[in-house]
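Colleague: please find the sequence and the predicted model below.
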4 protein chains.
Amino acid sequence: MKALVYHGPGQRVWEDKPQPGVEHPTDAVVRITHTTLCGTDLHILKGDVPTVEAGRTLGHEGVGVIEAVGEGVANLQAGDQVLISCVTSCGHCDYCKRGMYAHCRDGGWILGHLIDGTQAEYVRIPHADNSLYRLPQGMDPAAAVMLSDILPTGHEIGALNGEVGLGDTVAIVGAGPIGLAALLTSRFYSPARIIMIDLDENRLAMARQLGATDTIAGDPVDAVMKLTGGEGVDVAMEAVGIPQTFEVCQRIVRAGGHIANIGVHGTSVEFHLEDLWIKNVTVRTGLVNTNTIPVLMRTLEAGGVEPTALVSHRFALDDIEHAYDVFGQAAKEKAIKLILTAQ
Amino acid sequence: MKALVYHGPGQRVWEDKPQPGVEHPTDAVVRITHTTLCGTDLHILKGDVPTVEAGRTLGHEGVGVIEAVGEGVANLQAGDQVLISCVTSCGHCDYCKRGMYAHCRDGGWILGHLIDGTQAEYVRIPHADNSLYRLPQGMDPAAAVMLSDILPTGHEIGALNGEVGLGDTVAIVGAGPIGLAALLTSRFYSPARIIMIDLDENRLAMARQLGATDTIAGDPVDAVMKLTGGEGVDVAMEAVGIPQTFEVCQRIVRAGGHIANIGVHGTSVEFHLEDLWIKNVTVRTGLVNTNTIPVLMRTLEAGGVEPTALVSHRFALDDIEHAYDVFGQAAKEKAIKLILTAQ
Amino acid sequence: MKALVYHGPGQRVWEDKPQPGVEHPTDAVVRITHTTLCGTDLHILKGDVPTVEAGRTLGHEGVGVIEAVGEGVANLQAGDQVLISCVTSCGHCDYCKRGMYAHCRDGGWILGHLIDGTQAEYVRIPHADNSLYRLPQGMDPAAAVMLSDILPTGHEIGALNGEVGLGDTVAIVGAGPIGLAALLTSRFYSPARIIMIDLDENRLAMARQLGATDTIAGDPVDAVMKLTGGEGVDVAMEAVGIPQTFEVCQRIVRAGGHIANIGVHGTSVEFHLEDLWIKNVTVRTGLVNTNTIPVLMRTLEAGGVEPTALVSHRFALDDIEHAYDVFGQAAKEKAIKLILTAQ
Amino acid sequence: MKALVYHGPGQRVWEDKPQPGVEHPTDAVVRITHTTLCGTDLHILKGDVPTVEAGRTLGHEGVGVIEAVGEGVANLQAGDQVLISCVTSCGHCDYCKRGMYAHCRDGGWILGHLIDGTQAEYVRIPHADNSLYRLPQGMDPAAAVMLSDILPTGHEIGALNGEVGLGDTVAIVGAGPIGLAALLTSRFYSPARIIMIDLDENRLAMARQLGATDTIAGDPVDAVMKLTGGEGVDVAMEAVGIPQTFEVCQRIVRAGGHIANIGVHGTSVEFHLEDLWIKNVTVRTGLVNTNTIPVLMRTLEAGGVEPTALVSHRFALDDIEHAYDVFGQAAKEKAIKLILTAQ
């Protein structure tokens, strides 16, 4: 089969590789029909994620059809169309029993990281019963791919960790794919105002289309304070991953407010406890557990969210190298999420 | 009347001052029978709290008897024995309606800070109906004084903000008065283990008496990791207020765990988002709202907590200058909380 | 002044009555500009609420302008345009401090019940600081009147007590004003499906306009089971107040589901513990606390809800006897909520 | 092997039966070392549970040693000493993912009900990874047996469903094994007062030993109202399963309070919505999910609970017929929980 293989920093090739099979009784093998690229894949290619070894197939998102299951798989069978969670989870360990699939003792984020991933014609999924979700009849697979990672991340690590509530004022710092997913999913909880902050006017324009009530391209702190009558925001989400944007969050959050960190950070940040100790704020971090995939799927099925609004480009799966080129220049190409479809 | 008056950094005098009266319809004037000193009072004396002006009577804790009430006070009357909350709150503003008394638009921590406080023979209490609590018959006033600030702070900012739960492992960094109050109140929620960390062996000995299951005087990070089989703790409480102790909390908290910051910080700290972004942790800060005073009072009445265990010294109220001397050398004097009683 | 006065079962007159004044320091007197009628007013007129004495001015909803305030009122002044909560609350008693304004020791539902109400040219409001809400500039007063009672009731006793969640299936039994308010406010939390059940096709048509995904006019139990693949609903709301409709809720709620009782019941009901003991269900009852008025006001201001969609008729205030005639034949007149405006 | 087999109403025999083996890849076979009897077993023997067929081995509680595991079992192996949950759960279905193991699509309460149970020398446990818990070194197996059902039931369906909180007043109607387990586990949350209500003075004496602050043998409603100054209790737990005791709960619960139904009911009850609609109460029902077994196990290990206090009698496993005789006359024999140990 073909797979997009990482060969060390800067090197990726769509090349032949042996097709995976069932290795453990709880495995399933899935034939990929739809997949996408994630900002994390670009980080890996830059060499920022040293736990990824050369030879690894990338990708942790996708929809496909089950080719084979191990004999310990109870709820799935060959031929089922399934959504692949970016997080693999056994369902039985102490973390899984607490719903913390991201920290599964025999899983977590391993696809396209510690085991071969979804940017391939076939992928082996461990703990299939807990890591795959059967697609309801008639669901658009391109929409479903957005439920592998980006929508659950925006929802769980943004909206839920930020405790977005009715009538709240929310600010999201960063209008990239993940910031836009946080915007889409924050709207489930009916905040009064969602302020998007970014330097890229194209992304802010998209944010307004997706429901942002206000957008800020310049100095955000003064602008937010002006918009909120000096009070600050109930929820500030960091969706970039650098110290400056986390700084903004600290300066715009109101007393009693929440900071939800969604960004992946490579360095420590300055935390202003000298100001915040008295402000009764909550800061939350996290890798997505994807345990809201079922409820997001029901919402998608009911027409309550339109995740394909995030899809900016479509490619054939075997044109994935081109897709990487486009995604690598996201600002210039106005790329948000790309869908790759097996022909 | 006599009052302990701040006259600028390092200067405090027990001196004559006019007795306060009712100024607003919702005021009460209380004759102090019992009060105490707080670490914050020492900070003020060092000049660390510039919002305190010379001439201010210090103190924000106490029990007394109502001398007079304004005509807008509905639930209290002269002669009532009352506990004074360290936080004054109107009960009606947006923050009060959300239970965030610490951020009351016409209150918050103002006693001994922005208005004259409780280290005096009489004190005026604004918004009396919401800021005073009638003592149940037979309650020990010395125990009740611990409910003005230290016990609610340990409870709300430590145990509740840390979400201490059944079977949890809790670590409290700092075994001073506030750390010990956090220990006492964390026990309400039946954690399996409470690890106290401090450099002072006397305080650790007291912590063991009060229910700590483990105490650590040396390098805490390795010791905690050893005690927890490398997992870290469910709840880490910072009860000192310096960067080093907040650092310890970050290094010992487990995935999915909580950091409750109780310490008052004068500088920013380094926040290790490069490690914590993936660990699904929650960090909370806060000034006490004291809205758990009623439930703490019921618990005290039922014998469910013994706050006088924190009382190390007793003085007459007019011996308060001596009390300050002792409290200023807390380690040497083995001082935790001091009770001052009007004769 | 003029007021709508109850003179015993079946008797109500718009008649002269002395204008109320400030009696307690925390009172305000409000000149009514907008009010409405509630199903409860009809119950009173039938003699179903024996605690209402002859001579009582009816009404517990309204918007107006403050005429005078007592000297203990801090946050309001003459000339302020205010929304009147149907529940009066002191803000200081044990229940108020827990947010349970409905059970205020010196308030609760007293307007148009134990003290004179809002269907008058003027009304005295006790505990004004806690029971009145200043209208934001430009807010439609007719929309705001819906926040006195019906929208908070639908929200707190329907949506919140029912714990309506993302992707849920909700069934509301009864599409009268309160059922429709529950529908409008349930939508804040993005359920996948809202099934409205009623015998009146006009009301079901309105429900569809307001966002119901399904409506049922016939035998509801079988129909709901069919719609939900035999699983039942996550949330069942009783919005009528009779045993038969509560029975429906018990038969359609799924394992782990919630029943929110909004209806006012005059008799006991049969509770099927022989079936439900094993189903892990939650049943909640309640009188509205109105403590979500501020957040509903922010939502209204942001355009997140259109409560005037519930307004079916408009009258001049002094035409209130006619309004009662219409409201008394609600089905025939297709009446939902009526707005009465002082000229 | 030997097993206690049900042969229709009133008939039970300790008799030979084929030893079970692994049937599915996720099964384990456990050699029972310790088991106990449950009130439910007596109900089955009376013929009250028609889903139990003749020939069924009874029992759903126990501790033992794993004899064999299927090849889909990942976390357990032969020789492990394990606690058996009374509820079997796959860990993967929609209910399991929500933590509702009692409603597992391929499990729930099936042991000693729909499949052969634990009152035998060997038992087959489906979904072993999710339904068995490895015992920590040195844990008393007799104490651990109490964690199969009775302690999690008291905890989850009593204390947690009742939302027992700090300073609360709790009343438990019924001081049998399950009421006493609710008492033991309610204490984790530090209520101020626990009132036990029963007709049997022996059980009330035991309740006092286990921490009840008050006991009532006579008419409970007046007595509770007297004890609570007419307010009623924050939490009322029904631990009997008949209409009269559920009636008591309704009459003693205060405004804003919780009723937790633990009893197994055979008939419907009268529910006083005519009184309760306005009282903002919550009623919860449920079969135990046992998802708090891990946290209870940590608490037991830390010495935070002494479940063997519930053990009144001990027998050899092959003396189980005698144990049934004793348990069938629990009041006369002062029996609470019996431990049966394989020799």
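Modeller: Received the coordinates, thanks.
Colleague: just give the closest residue to A:V253, not the sequence neighbours.
Modeller: Nearest residue to A:V253 in three dimensions, chain neighbours excluded: A:A236, at 4.6 Å (CB to CB, 6 or more residues apart in numbering or on different chains). The way it works is simple: take the backbone N, C-alpha and C, and place the C-beta from them, glycine included.
Colleague: kindly report the same for A:T57.
Modeller: A:D116 is the one closest to A:T57 (CB to CB, 6+ apart), at 3.8 Å.
Colleague: for A:T308, same thing?
Modeller: Using CB to CB, 6+ apart, the closest residue to A:T308 is A:A143 (4.9 Å).
Colleague: how about A:T88?
Modeller: Nearest residue to A:T88 in three dimensions, chain neighbours excluded: A:G107, at 3.8 Å (CB to CB, 6+ apart).
Colleague: do I have it right that that neighbour meets A:Y101?
Modeller: Yes - look at A:G107 against A:Y101 with CB atoms under 8 Å: they come within range, at 7.0 Å.
Colleague: what do these two both touch?
Modeller: Applying CB atoms under 8 Å, 6 or more residues apart in numbering or on different chains, one finds that A:G107 and A:Y101 are jointly contacted by A:V87, A:S89.
Colleague: out of the two, which sits in the more crowded spot?
Modeller: A:Y101 (28 against 25; other CB atoms under 10 Å in any protein chain shown).
Colleague: tell me which residues touch that one, please.
Modeller: A:S85, A:V87, A:S89, A:Y95, A:G107, A:G108, A:N130, A:N289, A:T290, A:N291.
Colleague: and A:I320, how far from A:E333?
Modeller: As judged by CB to CB, to the nearest Å, A:I320 and A:E333 stand 15 Å apart.
Colleague: more neighbours: these two, which one.
Modeller: Taking neighbours as other CB under 10 Å, A:I320 and A:E333 compare with A:I320 leading, 24 against 14.
Colleague: can you give me the helices for chain A?
Modeller: Ranges of helices in chain A, per DSSP state H, are A:39-46, A:94-97, A:128-131, A:141-145, A:150-152, A:177-186, A:201-209, A:220-227, A:243-252, A:273-276, A:293-301, A:320-327, A:330-333.
Colleague: pipe these into CSV and attach mean pLDDT per row.
Modeller: Putting the helices of chain A into CSV (pLDDT from 0 to 100) gives the following:
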stretch, mean pLDDT
helix A:39-46, 95
helix A:94-97, 96
helix A:128-131, 97
helix A:141-145, 98
helix A:150-152, 98
helix A:177-186, 98
helix A:201-209, 97
helix A:220-227, 98
helix A:243-252, 98
helix A:273-276, 97
helix A:293-301, 98
helix A:320-327, 97
helix A:330-333, 93
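Colleague: reformat those helices as JSON lines; add distance to B:L4.
Modeller: Formatted as JSON lines, these follow (distance: least, CB to CB, whole Å):
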{"stretch": "helix A:39-46", "distance to B:L4": "59"}
{"stretch": "helix A:94-97", "distance to B:L4": "53"}
{"stretch": "helix A:128-131", "distance to B:L4": "63"}
{"stretch": "helix A:141-145", "distance to B:L4": "68"}
{"stretch": "helix A:150-152", "distance to B:L4": "57"}
{"stretch": "helix A:177-186", "distance to B:L4": "50"}
{"stretch": "helix A:201-209", "distance to B:L4": "56"}
{"stretch": "helix A:220-227", "distance to B:L4": "39"}
{"stretch": "helix A:243-252", "distance to B:L4": "37"}
{"stretch": "helix A:273-276", "distance to B:L4": "27"}
{"stretch": "helix A:293-301", "distance to B:L4": "58"}
{"stretch": "helix A:320-327", "distance to B:L4": "67"}
{"stretch": "helix A:330-333", "distance to B:L4": "62"}
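Colleague: coming back round to it: for the residue nearest to A:T88, give me its contacts.
Modeller: A:V87, A:T88, A:S89, A:C90, A:C96, A:Y101, A:P126, A:H127, A:S131.
Colleague: of these, which is the most crowded?
Modeller: Of those, with other CB under 10 Å as the count, A:S89 tops at 31 neighbours.
Colleague: distance of the nearest residue in space to it that is not next to it in sequence from A:H60?
Modeller: Distance criterion CB to CB, 6+ apart; nearest residue to A:S89, sequence neighbours excluded, is A:Y101 at 3.7 Å. A:Y101 is 13 Å from A:H60, where distance means CB to CB.
Colleague: please apply the same query to A:I278.
Modeller: According to CB to CB, A:I278 and A:H60 sit 41 Å apart.
Colleague: more crowded one of the two?
Modeller: Neighbours per residue, other CB under 10 Å: of A:I278 and A:H60, the larger number sits with A:H60, 25 against 18.
Colleague: distance of the more buried one relative to A:I32?
Modeller: Counting by CB to CB, the gap from A:H60 to A:I32 is 12 Å.
Colleague: which residues do these two both contact?
Modeller: A:T118.
Colleague: low-confidence bits of the stretch 1-150 of chain A, can you list those?
Modeller: Across the stretch 1-150 of chain A, nothing is flagged by pLDDT under 70.
Colleague: count of neighbours near A:E321?
Modeller: 12.
Colleague: neighbours around the residue of the stretch 1-150 of chain A found nearest chain B, how many?
Modeller: When distances are taken as CB to the nearest CB, the stretch 1-150 of chain A reaches nearest to chain B at A:H103, 4.7 Å away. A:H103 has 24 neighbours, counted by other CB under 10 Å.
Colleague: any idea how chain A splits into domains?
Modeller: With automatic domain parsing as the criterion, the domains of chain A are listed as A:2-149+A:289-341, A:153-284.
Colleague: which one of those is the most hemmed in?
Modeller: Comparing the domains of chain A by mean neighbour count (mean count of other CB atoms under 10 Å in any protein chain shown), domain A:153-284 ranks first with a mean of 22.
Colleague: touching, A:V248 and A:I197? I think so.
Modeller: Yes - using CB under 8 Å, A:V248 makes contact with A:I197 at a distance of 7.1 Å.
Colleague: how far away is the nearest residue to A:K334 once chain neighbours are set aside from chain B?
Modeller: Nearest residue to A:K334 in three dimensions, chain neighbours excluded: A:N202, at 5.3 Å (CB to CB, 6+ apart). From A:N202 across to chain B, the span is 27 Å (CB to the nearest CB, to the nearest Å).
Colleague: intersection of neighbour lists for A:V248 and A:I197?
Modeller: Common neighbours of A:V248 and A:I197 (CB under 8 Å, 6+ apart) are A:V173, A:P220.
Colleague: ok, and the closest non-adjacent residue to A:A181?
Modeller: Using CB to CB, 6+ apart, the nearest residue to A:A181 is A:G154, at 3.0 Å.
Colleague: is chain B contacted by stretch A:220-232?
Modeller: No - using CB under 8 Å from any CB of the partner chain, we find that stretch A:220-232 stays clear of chain B, coming within 9.6 Å at best.
Colleague: if I look at A:A143, how far off is chain C?
Modeller: 15 Å.
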